[in-house]
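S.K.: I would like the atomic coordinates for the input below:
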Amino acid sequence: MRLVFMGTPDFAEASLKSIYDEGHHEVLAVFTQPDRPRNRGMKLSFSPVKELALSKGTPVFQPETLRDGEAADIIRSLAPEIIVVVAYGKIIPREILDIPPRGCINVHGSLLPKYRGAAPIQWSILNGDREAGVTTMYLDEKMDTGDMIAKRSVTVGEYETSGELFERLKHLGAGLLLDTLRDIENGTAARIKQDESEAVYVRQLTKEDSPIDWTAPSEQIINKVRGLHPWPMAVAEFGGKQLKIHAALKTGRHTDRPAGEVVSSGKEGIEVACGDGKTVLITELQAAGGRRMKASDYLLGNKL
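M.R.: Model (predicted):
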């Protein structure tokens, strides 16, 4: 099929790459977010999707808005049969949704209708889910409410981080996208209404979510460390210094110490009391301006 692809980050790049690699569909153009300043130098950098598209010689468009009619005119001139949207970062307006005869489809990083909205993979970890997955669906004008086409799921590891799950799901989504495109082309794609009574909306995360609340249950604290990794990272203060927490484990131990108090520190790491009377063990951390290291190595040169 002749298609237009709309996407921006790594998650979308994996799907676009799968389309190129299969070689069955014609990518007429790619739409991605405008170049943004990134990293300490604040230099303008291309999105992963733009870099891939340019390497394949595909025309790239980066409109600031999709609602002034210009993007719609470009897409009409391309006459795609279908539009594929993966983590583009903008709501697609009706005038664009109505252009391709086979519709606009999306790959979403959750098992809809759970986790509509931003950061679905992170929220699945934050909430301690043991199952996660991806969904392909037809887009409508609202956020992640369109009819579902197919789903694939995976079991989440006990200490798996959002970053690790992201890597698995982006490839799972890419494979599901190819199957979905095949089914649409063959006229066999399903169209399943979402159950609104089961819908869960989630918001984007910020650095304000980073501080650990030690009065929370130990399981919730572990999930926070996992869910906020690699960004925006869980943080905690010890010895007057704010530290990024890269990894923490359950200990199975109980304590009567107040929440947030260090119970022990040494070769295993830093053991901290939690709000449910249990403890967690911080095993990897990072000081401001420093590198990621074992908590035991940090303790060699720092007192708590």
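
S.K.: A strand includes residue 83, no?
M.R.: Yes. Counting by DSSP: H, G, I helix; E, B strand; the rest coil, residue 83 is located in a strand.

S.K.: so it sits against residue 96, correct?
M.R.: Yes. Checked against Cβ atoms under 8 Å, the pair residue 83 and residue 96 is within contact range at 7.2 Å. From N, CA and C alone the C-beta is placed, and that goes for glycine too.

S.K.: hey, what's in contact with both of these two?
M.R.: Shared contacts of residue 83 and residue 96, defined by Cβ atoms under 8 Å, 6 or more residues apart in numbering, comprise 75, 104.

S.K.: buried residues, stretch 104-119. List them.
M.R.: Going by neighbour count (16 or more other Cβ atoms under 10 Å), the buried part of stretch 104-119 is 104-116, 118-119.

S.K.: pLDDT of it, averaged?
M.R.: Stretch 104-119 shows a mean pLDDT of 97.

S.K.: any idea how far it is from the chain center?
M.R.: Relative to the centre of its chain, stretch 104-119 is centred 10 Å away, using Cα atoms, centre = their mean, to the nearest Å.

S.K.: lowest average confidence, helix or strand, in this structure?
M.R.: In the chain, the helix or strand scored least confidently by mean pLDDT, DSSP states H and E is strand 36-38, which has a mean of 76.

S.K.: please name the strands paired to the following helix or strand past that strand in the sheet, noting orientation.
M.R.: Next helix or strand after strand 36-38 toward the C-terminus (DSSP states H and E): strand 43-45. Within its sheet, strand 43-45 is paired with strand 36-38 (antiparallel), according to DSSP bridges.

S.K.: and the gap between the nearest residue to residue 37 once chain neighbours are set aside and residue 36?
M.R.: Closest residue to residue 37 apart from its sequence neighbours, by Cβ to Cβ, 6 or more residues apart in numbering: residue 44 at 5.8 Å. Counting by Cβ to Cβ, to the nearest Å, the separation of residue 44 from residue 36 is 7 Å.

S.K.: and the longest helix along the chain, which residues are buried?
M.R.: Criterion DSSP state H: the longest helix present in the chain is helix 162-186. Buried residues in helix 162-186, counting neighbours by 16+ other Cβ under 10 Å, are found at 162, 164-166, 168-170, 172-174, 176-178, 180-181, 184.

S.K.: and the helix or strand just after that helix, what does it pack onto?
M.R.: Remark: after helix 162-186, the chain's next helix or strand is strand 201-202, criterion DSSP H and E. Applying 3 or more Cβ pairs under 8 Å, 6 or more residues apart in numbering; DSSP states H and E, we find strand 201-202 packed against strand 116-117.

S.K.: report how many residues lie close to residue 253.
M.R.: 15 (other Cβ atoms under 10 Å).

S.K.: repeat for the one 4 residues further on
M.R.: Neighbour count of residue 257, defined by other Cβ under 10 Å: 16.

S.K.: distance check, it against residue 103.
M.R.: 58 Å.

S.K.: repeat for residue 9
M.R.: From residue 9 to residue 103 the distance is 23 Å (Cβ to Cβ).
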